[in-house]
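Peer 1: sequence plus predicted model, see below.
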Amino acid sequence: MSNTFAPPLSDDCYAEYYRLRKAASTMTSETVAWFQKNSKMLVEGMLSQFEQREVFYMLSVGSGEGDLDLEIIQSLLPYLQQYNLKLKYVAIEPNSTHRNLFIKNLKNLTLDSSFEFEIRDSYFGKTRDFEKDNTYDLILLIHVLYYFEDFYTPVRQALKQLTPAGKAVIVHQENVGIPELQRQYMMALKGDEAELLTTEDIRKRLEQEGCDYTYESVNAHLEITEYLAGSEQGTKILSFCMECDLRHLEKQKLEQLYHSCQDLASFDRNGKAFISEPIGVFILPSPSTQTRQSFRALEDRDPVQDYWQLAKEYDWLNLFSKVTSEEKSINLLDIACGNGRWLKALQLYVDFQYQDKSIVCDLLDPHREAITNASQTLKAPFQLGQKYEIEIQKAHLKPASYDVIWSMHGFYMINPGTLPAIFDQCCSLLKSNGVGLIALATRKSFYVDFYSRYLDAFFEGKGERFTSAEDVVATLLEADIQHRVSKIIYEEKIHSNNLSALEHYIKVESTVNSFNQEIESEKLSCTKDICLDDLMSHPKTKKYLESLVRGSFYYFPQEVWLVSFNN
């Protein structure tokens, strides 16, 4: 007699099928690549709390066999060691097969005294099994929320156990690919949908709970060639995906699942079949950090948070102290100063009362009215210096004149081909210990990404795209100019009913780009007649904008690189 439902996976089957599924998917490798790329960002902002400590505490909930965690640890250790920090790693893994293999792998590693580990057979969030009073700088919840009756329970507990500047990272599957199959067939195959959970569910709950977070989507795919070929290995892989052992069901009951896999699959030139299964990464700051960083001064009337983010995420006082020389003042050049939005935010959020030297600020911008407006924002210790009504490409300034040169969101409309000459000029203008800084959004950011989509939708891809932070870094690398990148990641949150704010952000800040075009008569010719309805109704831009909605709000992703360089 055939089984009505497939049985659940035993611990041994779970471990075996997990390894097969992992080998068939790029999910693990893409997750590792994300952490390798962003490990520095995860640690930055915590360093001030380590003045009285020597240990960085990391917790992994549901570590599995630990292969992923070991890669993450190896990406973190070099950065922590720069600050003479030891890493204390604690893992929670109740599956004995996974746990024993993890311990075995750890014992085979050659580890120095800067790394300590502990693997626990316990359950996160249960008083009798885990010490709730311990705090951690980084807590990982990677593909583990499926296994909790209420997935927000471990999230809530993780937030409680973060240090004041700590972060929790959730990695989870998005709602396409395997989740589509789960929604369609899990009830029929295993009799319940208990472990059906996607990033969309997590987003909605975080929104309900009032959690601040940033989010990033990461592409990944699962090879299902073996399953479509009818092999036992392929069936085991799909069994893990469906959270039940499909080997115990008759083939007739699996026919619809098989055909759906065929429909979802894409095939390469060698005939291999793949299903897209992107993952999402949530970064949640400590609740105490959320309270502190969510506050903007009442005097801050800027419609967006870009300059506030820049002001609070960098040690500006330290910058000016480093470039201080025997001269009576510090000389600063503000390139593409615009109406002074950056200068206004800097002076609002940074306390310069103990700055003993004046900062003479030369303003450079092609628009006279912008320079006039920017000059009116300056307060002590800032003093107005020279005014240059010109583009930096055409300016002829005295070499070795400046301690600091910066441009904050001012390079979007500079032709990338002119960047080498501009940086050559900037380096020549810096004094021997001077510092240059460029703040610009990356290609992943809404500003740059949406304008490219806008050109594709309305102008068949024709037109100059915005210069990005990646263009700046590529130029510095090519010129062999020493530089450092600080990443500032955030989201601009606007209610879907606030049409005036949406129009300002999508059209003025992004499409028209007010960072560079702040004079009404000078707005970009290809965007001056566009309206919000056009942007919200075109199929290409509409689909993208709708993807940014969570609940009743739009969340516009921004990743800004603050690039510092020396001559």
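Peer 2: Perfect, I can see it now. Numbers count the residues shown, from 1 in each chain.
Peer 1: low-confidence stretches in the protein?
Peer 2: 1-3, 45-52, 125-133, 193-195, 288-295, 325, 512-529 (pLDDT under 70).
Peer 1: can you show me the helices along the stretch 251-400 of the chain?
Peer 2: Counting by DSSP state H, counting those that start in this stretch, one finds helices in the stretch 251-400 of the chain at the ranges 255-264, 287-293, 306-312, 316-323, 341-349, 368-375.
Peer 1: dump those to JSON lines, plus mean neighbour count.
Peer 2: No exception for glycine: its C-beta is placed from N, CA and C like everyone else's. Supplementary listing: the helices of the stretch 251-400 of the chain in JSON lines, determined by neighbours: other Cβ atoms under 10 Å:
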{"stretch": "helix 255-264", "mean neighbour count": "14"}
{"stretch": "helix 287-293", "mean neighbour count": "15"}
{"stretch": "helix 306-312", "mean neighbour count": "21"}
{"stretch": "helix 316-323", "mean neighbour count": "15"}
{"stretch": "helix 341-349", "mean neighbour count": "22"}
{"stretch": "helix 368-375", "mean neighbour count": "18"}
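Peer 1: could I have stretch 383-396 exported to PDB, CA atoms only?
Peer 2: C-alpha atoms of stretch 383-396 as PDB (Å, rounded to 0.1, in the frame of the first residue of the first chain):
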ATOM      1  CA  GLN A 383      35.300  80.700   6.900                       C
ATOM      2  CA  LEU A 384      34.500  81.500   3.300                       C
ATOM      3  CA  GLY A 385      37.600  81.500   1.100                       C
ATOM      4  CA  GLN A 386      37.600  81.800  -2.700                       C
ATOM      5  CA  LYS A 387      34.700  81.300  -5.000                       C
ATOM      6  CA  TYR A 388      35.300  79.400  -8.300                       C
ATOM      7  CA  GLU A 389      32.400  79.500 -10.700                       C
ATOM      8  CA  ILE A 390      33.700  76.800 -12.900                       C
ATOM      9  CA  GLU A 391      33.800  73.000 -13.400                       C
ATOM     10  CA  ILE A 392      36.700  71.200 -11.800                       C
ATOM     11  CA  GLN A 393      37.800  70.000 -15.200                       C
ATOM     12  CA  LYS A 394      38.400  73.600 -16.400                       C
ATOM     13  CA  ALA A 395      39.800  75.000 -13.100                       C
ATOM     14  CA  HIS A 396      43.400  76.200 -12.800                       C
END
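Peer 1: closest to residue 206 out of the helices of the stretch 251-400 of the chain?
Peer 2: Taking Cβ to Cβ, helix 287-293 is the member of the helices of the stretch 251-400 of the chain nearest to residue 206, at 11.5 Å.
Peer 1: what residues are bridge-paired with residue 136?
Peer 2: With beta bridges defined as DSSP bridges, residue 136 has these partners: residue 162.
Peer 1: against residue 473, how distant is it?
Peer 2: When distance is defined by Cβ to Cβ, to the nearest Å, residue 136 is 32 Å away from residue 473.
Peer 1: and residue 248, by the same measure?
Peer 2: 54 Å.
Peer 1: for these two, work out which one has more neighbours and name it.
Peer 2: Applying other Cβ atoms under 10 Å to residue 248 and residue 473 shows that residue 473 carries more neighbours, namely 18 against 12.
Peer 1: just say helix, strand or coil for that one.
Peer 2: Reducing the assignment to helix, strand or coil with DSSP: H, G, I helix; E, B strand; the rest coil, the entry for residue 473 is helix.
Peer 1: before we move on, back to that, between the helices of the stretch 251-400 of the chain, which one is closest to residue 118.
Peer 2: The minimum distance between residue 118 and the helices of the stretch 251-400 of the chain falls on helix 287-293, with 25.6 Å, by Cβ to Cβ.
Peer 1: returning to what we had before: distance to residue 224 added to the helices of the stretch 251-400 of the chain, as CSV?
Peer 2: As requested, the helices of the stretch 251-400 of the chain are exported to CSV (distance: least, Cβ to Cβ, whole Å):
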stretch, distance to residue 224
helix 255-264, 6
helix 287-293, 41
helix 306-312, 42
helix 316-323, 52
helix 341-349, 51
helix 368-375, 57
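Peer 1: for the stretch 451-567 of the chain, which segments count as helices?
Peer 2: So, for the stretch 451-567 of the chain - with DSSP H, counting those that start in this stretch - the helices run 469-478, 499-503, 532-537, 539-546.
Peer 1: most packed of those helices?
Peer 2: Greatest average neighbour count among the helices of the stretch 451-567 of the chain goes to helix 469-478 (a mean of 18), per mean count of other Cβ atoms under 10 Å.
Peer 1: could I have the CA atoms of that helix written out in PDB?
Peer 2: What follows is helix 469-478, C-alpha atoms only, in PDB (Å, rounded to 0.1, in the frame of the first residue of the first chain):
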ATOM      1  CA  ALA A 469      31.500  54.900  -7.000                       C
ATOM      2  CA  GLU A 470      32.800  51.900  -8.800                       C
ATOM      3  CA  ASP A 471      34.000  54.200 -11.600                       C
ATOM      4  CA  VAL A 472      35.900  56.400  -9.100                       C
ATOM      5  CA  VAL A 473      37.600  53.400  -7.500                       C
ATOM      6  CA  ALA A 474      38.500  51.900 -10.900                       C
ATOM      7  CA  THR A 475      40.200  55.200 -11.800                       C
ATOM      8  CA  LEU A 476      42.200  55.300  -8.600                       C
ATOM      9  CA  LEU A 477      43.300  51.700  -9.000                       C
ATOM     10  CA  GLU A 478      44.400  52.300 -12.600                       C
END
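Peer 1: residues in contact with that helix?
Peer 2: When contacts are taken as Cβ atoms under 8 Å, 6 or more residues apart in numbering, the neighbours of helix 469-478 outside the stretch itself are 411, 416, 419-420, 423, 438, 440-443, 483, 485, 560-561, 563, 565.
Peer 1: show the buried residues in those.
Peer 2: 411, 416, 419, 423, 438, 440-442, 483, 485, 560-561, 563, 565 (16 or more other Cβ atoms under 10 Å).
Peer 1: quick one: which of these is nearest to residue 84?
Peer 2: So of the buried ones among the contacts of helix 469-478, ranked by how close each gets to residue 84 (Cβ to Cβ), first place is residue 485, at 22.7 Å.
Peer 1: surely that closest one meets residue 560?
Peer 2: No - under the criterion of Cβ atoms under 8 Å, residue 485 makes no contact with residue 560, lying 10.4 Å away.
Peer 1: so for residue 117, which of the helices of the stretch 251-400 of the chain sits nearest?
Peer 2: Short answer: helix 287-293, nearest of the helices of the stretch 251-400 of the chain by Cβ to Cβ, at 26.6 Å.
Peer 1: quick check: chain neighbours aside, which residue is closest to residue 191?
Peer 2: Once flanking residues are discounted, residue 191 sits nearest to residue 5: 4.2 Å by Cβ to Cβ, 6 or more residues apart in numbering.
Peer 1: so the one you found sits right up against residue 244, yeah?
Peer 2: Yes - taking Cβ under 8 Å as the definition, residue 5 is a contact partner of residue 244 at 7.2 Å.
Peer 1: out of these two, which sits in the more crowded spot?
Peer 2: A side-by-side neighbour count of residue 5 and residue 244, using other Cβ under 10 Å, places residue 244 first with 22 against 15.
Peer 1: contact partners for that one?
Peer 2: Residue 244 makes contacts with 5, 6, 7, 8, 9, 189, 190, as judged by Cβ under 8 Å, 6+ apart.
Peer 1: from residue 174, how far off is it?
Peer 2: Between residue 244 and residue 174 the distance, using Cβ to Cβ, works out to 22 Å.
Peer 1: and if you look at residue 208?
Peer 2: Computed as Cβ to Cβ, the residue 208 to residue 174 distance reads 19 Å.
Peer 1: neighbour count for the two, which is higher?
Peer 2: Under the criterion of other Cβ under 10 Å, the comparison of residue 208 against residue 174 puts residue 174 first, with 19 against 10.
Peer 1: now do stretch 351-366: distance to the chain's middle.
Peer 2: Between the centre of stretch 351-366 and the centre of its host chain there is 32 Å, according to Cα atoms, centre = their mean, to the nearest Å.
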